[in-house]
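1. only geometry, no sequence info:
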């Protein structure tokens, strides 16, 4: 029987490397998603990304799809998990990148732990401490600063571009997903012990949601796809890096460092995105981005203290 890792462990160079890879990959996902927005509709991009990831995961974890697998008796739970993550969060992320900058998207996305607090209180009746409320206010102040582009007049008369709304919805979807993960069923333990099987179980059902949403995109909107080598390279990267490699590295890193320490490495995502956006998109970070980052991270650190 696998034992749960302690909340904190010694932070070794190997653990640091493993925990730095995922935010770097997720930053690359945001930048690449922004780059290919003119070439492919966002929900179709999400469908193709996870279809490729499915093919890559099949040799590693195909046993989970066999008749008699522990997946099928709990397929409804995994269908819900995949709705909030693969089908929902990722599609909303690419929708956000079609109209908002990669820096804005990752900064607002960094506030997800605060949405987890609020959803925990509203939906699961988890008590929020005074320190956590203060942390939530700090982080939400950072989000408002990003949404208002650092302009007080814009903040006073806040008008969201579609991308801002999509990334807020994506953050809330991921918070629901995280709460479901935090309440595992005993039956899911064998799947959770194997990162590849656990991911494939979500991908196979998430592809159903993604296909449904993509069909709606092609019926209801002027969807498009312009096949080219740059698009093929982008699809290969987002399927291999941010999906498979990042997920595997994160699991191994958490096992070595513990979830409490590992959680802080997620906050590297906006920093990496700022650097990559400046290099590849010409989206130069502004002073308000730095101020928002400090507010969001300070709020998360304050909320996480006992």
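-> Yep, that arrived. Keep in mind the model is a prediction, meaning the values are calculated, not measured.
2. residue ranges with poor pLDDT in the stretch 101-250 of the chain?
-> Residues of the stretch 101-250 of the chain meeting the criterion pLDDT under 70: 154-160.
3. how about the helices in it?
-> 102-109, 112-124, 130-147, 152-156, 162-182, 189-192, 195-220, 229-238, 246-257 (DSSP state H, counting those that start in this stretch).
4. and those helices, which is most packed in?
-> When the helices of the stretch 101-250 of the chain are scored by mean count of other CB atoms under 10 Å, the highest mean neighbour count falls to helix 102-109 (a mean of 28). C-betas here are computed from N, CA, C, even on glycine.
5. re earlier: the helices of the stretch 101-250 of the chain: which one's closest to residue 96?
-> Among the helices of the stretch 101-250 of the chain, helix 162-182 comes nearest to residue 96, with 3.8 Å by CB to CB.
6. Nearest to residue 280, out of the helices of the stretch 101-250 of the chain?
-> Once these are compared by CB to CB, helix 102-109 is nearest, at 9.1 Å.
7. Just the angle for the host helix or strand of residue 14 relative to helix 102-109, thanks.
-> Assigned by DSSP states H and E, residue 14 belongs to helix 13-35. In terms of direction (axes from the mean of the first three to the mean of the last three CA atoms, to 10 degrees), helix 13-35 departs from helix 102-109 by 120 degrees.
8. Could you check helix 13-35 and say which residues are buried?
-> If you call a residue buried by 16 or more other CB atoms under 10 Å, then helix 13-35 has these buried ones: 15, 18-19, 21-35.
9. between it and helix 229-238, how big is the angle?
-> Using the same axes, to 10 degrees, helix 13-35 lies at 150 degrees relative to helix 229-238.
10. Could you point out the helix or strand that follows helix 13-35?
-> helix 42-61.
11. Give me the mean pLDDT for that next one.
-> Helix 42-61 carries an average pLDDT of 96.
12. List the contacts of that helix.
-> With CB atoms under 8 Å, 6 or more residues apart in numbering as the test, helix 42-61 has contacts from 33, 36, 40, 86, 90-91, 94-95, 97-98, 194, 196-197, 199-200, 203-204, 206-207, 210-211, 213-214, 216-218, 223, 225, 235-236, 238-240, 243-244.
13. what's the offset of the next helix or strand after it from the middle of its chain?
-> Downstream of helix 42-61, the next assigned helix or strand under DSSP H and E is helix 75-82. Helix 75-82 sits 17 Å away from the centroid of its parent chain (CA atoms, centre = their mean, to the nearest Å).
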